[in-house]
Structures are given as C-alpha cells and as structure tokens.
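S.K.: below is the sequence, then the predicted model.
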Amino acid sequence: MSALIRPAAEADRQGIADTVVEAFYDQFKSLTTDKEAVAAALAPMLNLPQFTVAEQEGCIVGAVGLNDENAYAVTIKPDVLKKAVGFIRGTMAAPILREEFNRPGRFEPGQAQVDFVSVRESSRGQGIARAMLQHVLAKGYRLFTLDVTEGNERVLPLYQSVGFVQTGREQEKMAKMKGFSFRYLMAYRPAGRQG
C-alpha cells in the first residue's frame, strides 16, 4: 500500500507524536512506561512546519523532522513535561531532552539535521521511510546531517541507500543513563548544491 508523503498539518499533531513515541519508545521509557503520557507531552512541543509525514487511509504512519538554523523540530516545554510525567521527572527530563533534540547546536549555512525518522510498526517494510527521506532531501539545503545511536545500526543501510555517508562517531555524554555510548554521524550533500 502506498503512502501520501506531504508537509505536516495541525490535524497531524497527535499522529506524529504517537508515531515518534512508538518508534523511539526505548529512548523515552526512562521518563515513564506510559506511552500515551509521553505522546501527550510530545504533541504540543512539535514544530509542525519542520515535519514531513506519511499518510495511509487518513492516518499518520510516518514522520520525519528537520532541524535548521531557523527552528528545531521539537521545542522543549518544561511545564508540559512536568504535567505529563510528574514534577520531578519533568524537571530532570527537560535539559536532557533539550540537549538531545536540539542537535546540532550550531548549523553550517544551508544545513538541515534530519531527525525523528519514524514509521508505525504496522506500516514498516513498505518503503515509507525511504519515500519520506527522498521527499525531505529534495528540499533546497546544501547539507543534510543526521546521527544514529549505537544499537540502531539496522537503519544505516537505509540512510546509505539515499546517499548519506558516515563521517565519524561522537561519544555520548551521560551514556549510562541514555543506554548508548556513541552516535554514528552521517552527511549528505545533494549534487549541484555543494558549498
């Protein structure tokens, strides 16, 4: 079944949050084991113009966010986190999530960081992630970057198949808390847009 790939709209907010939480639950579960609470916290923090979605039969089944010099895909709101996961966890989570979601801290001119590449479990294996990536990579940036955490190596061939190359590794701060020691750094420069 094919999916419609398009820019996100306001009506997609909860569908994007549910999709991202399902795909990245291992990283979120240290906040709470309640997936609905995590999705409820994430939904109001999404910057929808930064997202591309995949839709099948009226449902969001995939999402990709882009961070650039103008905006990040997610804006951390400590009050929203405190309400969703409790005062103490929300207070502790806000700076950790800000560091995690606001990558990179500085952008090269024309750079976008690909983030939150996620597909619902029921729609995986249909080429949706590849289609969303191809849509995003057609945007006018000169450089696309992304990172893949240790333990998620199964996605490296997908990124390589659309043109990303590994540029290095970055050691992770607070590795024990996050559950991984490093990230693979990857980059893609579209032909004709080198700079």
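M.R.: The structure has been received and is ready for your questions. Residues are numbered from 1 along each chain as shown.
S.K.: SS state for the closest residue to S123 other than its chain neighbours?
M.R.: Distances taken as Cβ to Cβ, 6 or more residues apart in numbering put V61 closest to S123, at 4.0 Å, once the chain neighbours are dropped. Just so you know, the C-beta spots here come from the backbone N, C-alpha and C atoms, and that holds for glycine as well. Following DSSP: H, G, I helix; E, B strand; the rest coil, the label given to V61 is strand.
S.K.: begin at 45 from now on, thanks
M.R.: In the new count, where the first residue is 45, that last one comes out as V105.
S.K.: do I have it right that V105 meets T63?
M.R.: Yes - V105 is within contact range of T63, at 6.8 Å (criterion: Cβ atoms under 8 Å).
S.K.: what is in contact with these two at once?
M.R.: Both V105 and T63 are in contact with 163-164, where contact means Cβ atoms under 8 Å, 6 or more residues apart in numbering.
S.K.: quick one, strands of this protein?
M.R.: Secondary structure of the chain (DSSP state E): strands located at 48-51, 95-100, 103-112, 155-163, 187-193, 209-215, 226-232.
S.K.: buried residues, the third one. List them.
M.R.: In this case it means strand 103-112. Under the neighbour-count criterion of 16 or more other Cβ atoms under 10 Å, strand 103-112 has 104-112 buried.
S.K.: list the helices and strands it packs on?
M.R.: Contact here means 3 or more Cβ pairs under 8 Å, 6 or more residues apart in numbering; DSSP states H and E; on that basis strand 103-112 packs against helix 57-67, strand 95-100, strand 155-163, helix 172-181.
S.K.: and these: which comes nearest A117?
M.R.: Each of the helices and strands packed on strand 103-112 has some distance to A117 by Cβ to Cβ; the shortest is strand 155-163, at 5.3 Å.
S.K.: give me the helix or strand of this structure that scores worst on average pLDDT.
M.R.: For the chain, using mean pLDDT, DSSP states H and E, the weakest element among its helices and strands is helix 219-222, scoring a mean of 48.
S.K.: for the most centrally placed residue in the chain, which non-adjacent residue is closest in space?
M.R.: Nearest to the geometric centre of the chain sits F160, at 1.3 Å (Cα atoms, centre = their mean). Of all residues beyond its chain neighbours, the one nearest F160 is G109 (4.1 Å), with distances taken as Cβ to Cβ, 6+ apart.
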